[in-house]
Structure formats: structure tokens, C-alpha cells
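**Q** generate coordinates for the sequence data below:
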Amino acid sequence: MLSRVSVAIAVALALAWLYIESRPTGYRVARSVAVQAAPDSVYRVLEDLRQFPRWSPWDARDPLLQRTFDGPARGPGARLRWVGNPQTGSGIMTISVATPPSHLRYLMVLERPWQATIENDLRITTAAQGSNVTWTISGELGFWAKLFTLFDDPEQRVGNDLESGLAKLKALVESTTASR
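**A** Numbering: from 1, shown residues only. Below you'll find the model as predicted:
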């Protein structure tokens, strides 16, 4: 009797493992916002990582977040390092691609509470009322991350963060542009 139960448990665990391993290995979440400002005005804010705390959807989760900046002030190689509470963790964000005034890529390397590498693509296109900004986050999922996605939909969670950040970016750029 015990051996049948053991075999049943082993089969169930094997099937669960196979199911988790069969899930997608990557993710991609994108959101867009219309901004009433020219693409170069949006680009100037995005390429300056010292502006990131003003529109980041994550910084407000830790009022004591520590940030340091190094590398060039703008463009490729500009880096933002942060250390915060368990909600914000710690890591490094580096501008890896800059094509003024239409595209930036931030490479985000999370160190804590877990390790991950995340690409953040920001595309700016001209629109009738100014610009459209599309923020896309993508990365790879290991076994434990795939397991986690069974219980937490990254499209919704990450999508909400992107929408919040884009709303802050829109307000920042439009208020800066209006005051000129």
C-alpha cells in the first residue's frame, strides 16, 4: 500500500515538474501612452537616469531607497545602482542602446531579492498630439519563476507597473514642456 502511494506521489511530482518545464521560458509585457510633447522632449527625460526616480513605478515602494549614478550623465553606459527594501531589492540599470530621439534600451540586472536580467525597451514615435511612448519589458524565466507565474500573472502585475510609470512619465514631461 505504501509503495503505491509513493509511486502516485512520484508520478504526480514528475507530471507537475514536466508541466512547469513546458511553460514559456520568456516573457514580454508592453504598454503605451500618448504624451503631449515632441519626441525629443520625451527622449531627454528618458536618457537621463537621474530623472528615473521621478517616473519610476517602483521607487515609491521604498522611501529610503539608496541610489547612486555613475558612467556618463546620459546615453549608453549611464548607470543607476539602487539598494532598497525587499520590495525594491537591489540592482543596476544601464542604458545599453540609445538612438535619439526614438529608442532607448535599459538593461536591468536585479541582484536581490532574486537574480534576473530584464530588458526595458522604450520607443518614442511622433503622433498627432506629440508622441507615443511604448515601454516593453522582457526577460527569461527559470524554473522557479515559471512556477511563480502559475499563481501571479506577469502580464497584469508588470503591466500595472508599466502603466503607472508611463502615467508619471507623461505628467513629468508635459509639466516640464509646459513650463518652458
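
**Q** could you check how far Ala78 is from Thr25?
**A** Distance of Ala78 to Thr25, given as CB to CB, to the nearest Å: 30 Å. The way it works is simple: take the backbone N, C-alpha and C, and place the C-beta from them, glycine included.

**Q** with Gln87 instead?
**A** In terms of CB to CB, Gln87 sits 26 Å off from Thr25.

**Q** now swap in Met108 and tell me
**A** For Met108 relative to Thr25 (CB to CB), the value is 18 Å.

**Q** again, but for Ala38
**A** Relative to Thr25, Ala38 is positioned 39 Å away (criterion: CB to CB).

**Q** Leu64 now?
**A** Noted for Leu64: a distance of 35 Å to Thr25, by CB to CB.

**Q** of the two, which one has the most company?
**A** Thr25 (13 against 8; other CB atoms under 10 Å).

**Q** so who does the spatially most central residue of the chain touch?
**A** Closest to where the C-alpha atoms of the chain average out (CA atoms, centre = their mean) is Ile137, at 5.0 Å. Shown in contact with Ile137 (CB atoms under 8 Å, 6 or more residues apart in numbering): 27-30, 118-121, 158, 162.

**Q** low-confidence ranges, the chain, go.
**A** 1-2, 20, 24, 143-144, 146-150, 178-180 (pLDDT under 70).

**Q** what residues sit buried inside the biggest helix by length in it?
**A** Secondary structure assigned by DSSP state H gives helix 154-178 as the longest helix of the chain. Neighbour counts over helix 154-178 (16 or more other CB atoms under 10 Å) mark 154, 158, 161-162, 164-166, 168-170, 172-174, 176-177 as buried.

**Q** got the contact list for stretch 99-108?
**A** In contact with stretch 99-108 (CB under 8 Å, 6+ apart) are residues 38-40, 42-43, 46-47, 91-98, 117-125.
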